[in-house]
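> Here is a sequence with its predicted model. Questions after.
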Amino acid sequence: MIKWTKQITVTLVEQLIRAEKDLQKAILIFDAATGEYGNGFQHDHNTFGLMISRLVSANQFRAAEDLLNRMKDEKCNIKEDIFLSVCRGYGRVHKPLEAIRVFQRMKEYECEPTQKSYITLFSILVDENQLKLALRFYKYMREKGIPPSVASLNVLIKALCKNSGTLDAACRIFREMPNRGCIPDSYTYGTLINGLCRFGKISAAKELFMEMSAKGCSPSVVTYTSLIHGLCRLSNLDEAMGLLEEMKRKGIEPNVFTYSSLMDGLCKGGQSSQGMELLEIMVIKRHKPNMITYCTLIHGLCKEGKLREALEIFDRMKLQGLKPDAGLYWKIINGFCDARKFQKAANFLDEMVLEGISPNRVTWSLHIKIHNTVVQGLLTESKPNRAFQLYLSMRTRGLSVEAKTFGSLVDYFCKKGDLHKVARIVDEMVLDGCVPDEGTWTKVVSGFWDRRKVRVAAESIQIEVMGEVVEAGV
């Protein structure tokens, strides 16, 4: 229980709530202050707004909206920013329709939305890729008399840059901005350059980049990264590296996305060694590589057959606390398969199982294919026990066994005379609805025929039958 001084003030309550990191304890402070209403204290828009902000940050939206209702009941002045904090919170958790609902309720609380509110909601809809709804909302904004501004037109251009079919419209609006009294800023240029690069229009993006500098708009790290990414996708690596050097000269620090884009270009161009050098520069600059960075580099190294280096990066990633997904494991396993190192590939398949890493529905067929490839490869390396172990693991986990894999297992164990395994594999093959072909049956029969006891018994039966036939003829 909190013991208040005789003079409890809004400022004191605010300070206590801000200082308390534990949300539940912050709520207790807020509620304890409410208990002082009888002593003349009253929560105002500052303490209500702070508490609502804390609740929204913790995704406790129902509690936050309950406080909004309480503000209304207590006839507390509700400012626009409190509503916008709730709207942004819903946008952050990908619930744009809830953001619209809160926006529409503003008038119920005698809070008239300003241009700022309209643009905030418009931006949330665009960021959530609700593009049709966003464009309808923009039209509604104009009908409500919200004038065009640099901020609103920037959001509109961003929306139009998300689809190749509306990119020309984005460029047209950009060119018309000065006629509407809105001078494009660095964000406008950066948004449009990003859109052009995304859809492969690098020449237009480069022209806009030059124009940007001429108009006194400084490119940000995001703009440089967009252009570098676009150039790398077109294999213009020298030009991309040149932009990296230009950034350094201008004192613009590349971020993890800049380095990852360059690594992607280098790895796709068969220069994964340079990609590794960039990784070291990143680490020196204290930029923490993310999953995309590591995946890009590992894929490039595996493609070039540099498995030792790929495994080093793979281990570094795990030491950093990043958990590899099924796709990354497959890149490593495929690399081992391409290098015909099937034993190591099988070890990584086992590691996936131990780590509880499973494919999704989209990649399930690839998962099956890799397992079958490794089983067949192990047999070519004369590792039948490991192959049979992996085969059993596949069956336990419900992975389909291909007819070719069944055939390879039968052929190998027939040659080795392990007819118990052959019989089991053929039984399971038939149970799976995979009918053995003539070649498989021939191998099975030949395998059993080569066993002395089977051959002697068959020959004695043949002699007996022939004897009966001769007697019948007599």
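On my side now, so go ahead.
> CA atoms for contacts and neighbours, from now on please.
Fine.
> Per-residue pLDDT of T5, please?
T5 is assigned a pLDDT of 67 by the prediction.
> Could you do V102 as well?
Here the pLDDT value assigned to V102 is 95.
> That one contacts I82, doesn't it?
No. Applying C-alpha atoms under 8 Å, one finds V102 not in contact with I82, separated by 10.7 Å.
> which residue packs closest to N255, ignoring adjacent ones?
H287 (6.9 Å; C-alpha to C-alpha, 6 or more residues apart in numbering).
> Kindly indicate whether the one you found is helix, strand or coil.
State at H287, reduced to three classes by DSSP: H, G, I helix; E, B strand; the rest coil: coil.
> What backbone torsions are found at it?
With angles defined as degrees, to the nearest 10, H287 shows backbone torsions of phi -100, psi 120.
> separation between it and G398?
H287 is 42 Å from G398, where distance means C-alpha to C-alpha, to the nearest Å.
> S220 versus A33, what's the distance?
Noted for A33: a distance of 46 Å to S220, by C-alpha to C-alpha.
> distance of N385 from Q343?
Taken as C-alpha to C-alpha, the spacing of N385 relative to Q343 amounts to 11 Å.
> So for the two, which sits in the more crowded spot?
Set side by side, N385 and Q343 show unequal neighbour counts under other C-alpha atoms under 10 Å, the larger going to Q343 at 19 against 11.
> wait, what's in contact with that one?
With contact taken as C-alpha atoms under 8 Å, 6 or more residues apart in numbering, Q343 is in contact with L378, R386.
> swap in the one 3 residues further on?
Contacts were defined as C-alpha under 8 Å, 6+ apart; by that measure A346 touches I333, V374, L390.
> Just the buried residues of the residues you listed.
Applying 16 or more other C-alpha atoms under 10 Å to the contacts of A346, the neighbour count classes I333, V374, L390 as buried.
> I'd guessed the first one sits against E351; true?
No. Here I333 lies out of contact with E351, judged by C-alpha under 8 Å, at a distance of 11.0 Å.
> Need phi/psi at Q130.
Torsion angles at Q130 (phi, psi; degrees, to the nearest 10) stand at phi -90, psi 70.
> ok, how many other residues are close to it?
Q130 is surrounded by 15 other residues when neighbours are defined as other C-alpha under 10 Å.
> Any figure for the gap between it and A169?
Q130 sits 18 Å away from A169, taking C-alpha to C-alpha as the criterion.
> on that earlier part again, who's more crowded, A33 and S220?
Just comparing A33 and S220: by other C-alpha under 10 Å the higher neighbour count belongs to A33, 21 against 17.
> where exactly do the helices run in the stretch 201-350 of the chain?
Under the criterion DSSP state H, counting those that start in this stretch, the stretch 201-350 of the chain contains helices at 202-214, 221-233, 237-249, 256-268, 272-284, 291-303, 307-319, 326-338, 342-354.
> Redo these as JSON lines? Include mean pLDDT and distance to D66.
Shown next, in JSON lines, are the helices of the stretch 201-350 of the chain (pLDDT from 0 to 100; distance: least, C-alpha to C-alpha, whole Å):
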{"stretch": "helix 202-214", "mean pLDDT": "93", "distance to D66": "47"}
{"stretch": "helix 221-233", "mean pLDDT": "94", "distance to D66": "39"}
{"stretch": "helix 237-249", "mean pLDDT": "92", "distance to D66": "49"}
{"stretch": "helix 256-268", "mean pLDDT": "92", "distance to D66": "40"}
{"stretch": "helix 272-284", "mean pLDDT": "91", "distance to D66": "46"}
{"stretch": "helix 291-303", "mean pLDDT": "91", "distance to D66": "39"}
{"stretch": "helix 307-319", "mean pLDDT": "92", "distance to D66": "44"}
{"stretch": "helix 326-338", "mean pLDDT": "88", "distance to D66": "43"}
{"stretch": "helix 342-354", "mean pLDDT": "90", "distance to D66": "46"}
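> Out of those helices, flag the one nearest N39.
Among the helices of the stretch 201-350 of the chain, helix 221-233 comes nearest to N39, with 53.7 Å by C-alpha to C-alpha.
> Just the CA trace of that closest one, in CSV.
Extracted as CSV, the C-alpha positions of helix 221-233 are listed here (Å, rounded to 0.1, in the frame of the first residue of the first chain):
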residue,chain,number,x,y,z
VAL,A,221,21.1,5.2,-45.3
VAL,A,222,17.7,3.7,-46.4
THR,A,223,17.9,5.4,-49.8
TYR,A,224,21.5,4.3,-50.3
THR,A,225,20.5,0.7,-49.3
SER,A,226,17.5,0.6,-51.7
LEU,A,227,19.8,1.6,-54.6
ILE,A,228,22.5,-0.8,-53.6
HIS,A,229,20.0,-3.6,-53.3
GLY,A,230,18.6,-2.8,-56.8
LEU,A,231,22.1,-2.7,-58.4
CYS,A,232,23.0,-6.0,-56.7
ARG,A,233,19.9,-7.6,-58.1
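> Right, I'll call it a day here.
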